[in-house]
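Asks: Pasting a predicted model and its sequence here:
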Amino acid sequence: AQKITQTQPGMFVQEKEAVTLDCTYDTSDPSYGLFWYKQPSSGEMIFLIYQGSYDQQNATEGRYSLNFQKARKSANLVISASQLGDSAMYFCAMREDNYGGSQGNLIFGKGTKLSVKP
Amino acid sequence: DAGVTQSPTHLIKTRGQHVTLRCSPISGHKSVSWYQQVLGQGPQFIFQYYEKEERGRGNFPDRFSARQFPNYSSELNVNALLLGDSALYLCASSLYGGAGNEQFFGPGTRLTVL
């Protein structure tokens, strides 16, 4: 079974509008972290935002916020006031803190390609 | 301070050859992880090294190997290259291995196997 599911292969948004990128996850580990990364065409993974499984409040970082619904196992990324430079691939990732083998490494979804229209 | 660096940036090889990719972590970071990202997919975990020892391994064949040096830099080696090994190889460093340590990614090495 997929551990991280991103159901939107591609999204379009008008410049200055808000957009939500969906992410659902699957784990039995009670302690985990959820991440969002931006990957422009250059290839580098740029960290955007982090949410821990025990965090009570939704994470926010500037124009990025994470809508964390633990019972639904979803961790959607909201980008407010989209800019042309936001056009990129966006990846949701999970780190399982207690399960051996992965040693805290990241499990990624397949990504969503966001295109911002002027 | 310099971020994670990787070399080379691009590489073209033919089937059956072997390749060595290199990664230098952020100064002070002792752990390096390697990921493979094939076109259209998210990155997939290959290896993690911490203090020169392998600490984690993903689901990759034995053709893939890695090591970490005393200065914490790392090499990823792939033998008997297949067309399917064509991918972006990402290196990430963290202060320590294991949970709770944020990983910082390098720009990647783009490998093409012909």
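Replies: Structure's in. What do you need?
Asks: Would you list the phi and psi of the residue nearest to A:Phe47 when sequence neighbours are not counted?
Replies: Among residues not flanking A:Phe47 along the chain, A:Tyr37 sits closest, at 5.9 Å (CB to CB, 6 or more residues apart in numbering or on different chains). Just so you know, the C-beta spots here come from the backbone N, C-alpha and C atoms, and that holds for glycine as well. The phi and psi values for A:Tyr37, taken as degrees, to the nearest 10, are phi -120, psi 150.
Asks: Mind listing the residues bridging to A:Tyr37?
Replies: Note on A:Tyr37: beta-bridge partners by DSSP bridges are A:Phe47, A:Phe91.
Asks: State the distance from it to B:Arg22.
Replies: A:Tyr37 sits 22 Å away from B:Arg22, taking CB to CB, to the nearest Å as the criterion.
Asks: Which of the two has more residues huddled nearby?
Replies: Neighbours were counted for A:Tyr37 and for B:Arg22 using other CB atoms under 10 Å in any protein chain shown; A:Tyr37 has more, 24 against 15.
Asks: For that one, give me its contacts.
Replies: A:Tyr37 makes contact with A:Met45, A:Ile46, A:Phe47, A:Leu48, A:Tyr90, A:Phe91, A:Ala93, A:Phe108, B:Phe105, according to CB atoms under 8 Å, 6 or more residues apart in numbering or on different chains.
Asks: Report the contact partners of the residue lying closest to A:Lys38 once chain neighbours are set aside.
Replies: Nearest residue to A:Lys38, sequence neighbours excluded (CB to CB, 6+ apart): A:Ile46, at 4.5 Å. Residues near A:Ile46 by CB under 8 Å, 6+ apart: A:Tyr37, A:Lys38, A:Gln39, A:Pro40, B:Phe105.
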